[in-house]
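Novice: generate coordinates for the sequence data below:
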Amino acid sequence: MTNDATPSEKTDTGAPDTQDADERARTGAGGAFLSGTPLPSNGGLFSAETFAITGLMLFAVTAMNTRVLQLFGLLAMGRGSQEGFVENAGAFSAEVMVAGGSSAFSVLAGALSLFLGGPATRAWSRWVAAATVIVGTLLLLASVLTYISLPSGT
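Specialist: Just a heads-up that it's a prediction; the model follows:
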């Protein structure tokens, strides 16, 4: 059983040509994805990954402060009695302002991560930054609405 086919008659086995793969890798991120070669990551102190993690940590601090969500539910959504809130309006407003500031910083860090990201940015960094921006913006909005709904302490 010999193979008498000439080189021009040989069929394509489906194996990728290494020269074509190298050329695709040089054409950019799309070619690197198709050829399976990773692009070099631009890591470092001021990289997109660093700001994504920073935004996530700031968001965790804000999310652990459940008092803001409780006040938001009572004041902005409930419109119930505000008897105990008048005496402690200063403390509540300070607490809401700290949570709102932390939310703003987490949104800023996430947005900066998305802005700094490029083709070499890791996918988890983009996901974390996008989630931080979306949920941090909602918490910032809740903080602003809660602060507006607080009664004055006069």
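
Novice: show me where this structure has strands.
Specialist: In the chain, no strands are defined using DSSP state E.

Novice: now do the helices in this structure.
Specialist: Counting by DSSP state H, the chain has these helices, from start to end: 18-26, 29-35, 48-64, 66-71, 83-87, 89-116, 123-149.

Novice: reformat those helices as a markdown table; add mean pLDDT and mean neighbour count.
Specialist: C-betas here are computed from N, CA, C, even on glycine. Compiled in a markdown table, those are given as follows (pLDDT from 0 to 100; neighbours: other C-beta atoms under 10 Å):
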| stretch | mean pLDDT | mean neighbour count |
| --- | --- | --- |
| helix 18-26 | 56 | 13 |
| helix 29-35 | 58 | 15 |
| helix 48-64 | 85 | 19 |
| helix 66-71 | 78 | 16 |
| helix 83-87 | 67 | 12 |
| helix 89-116 | 88 | 19 |
| helix 123-149 | 89 | 18 |
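
Novice: separation between Phe59 and Gly110?
Specialist: Distance, Phe59 to Gly110, by C-beta to C-beta, to the nearest Å: 8 Å.

Novice: overlap of the contact sets of those two?
Specialist: Taking C-beta atoms under 8 Å, 6 or more residues apart in numbering as the contact rule, Phe59 and Gly110 both touch Thr132, Gly136.
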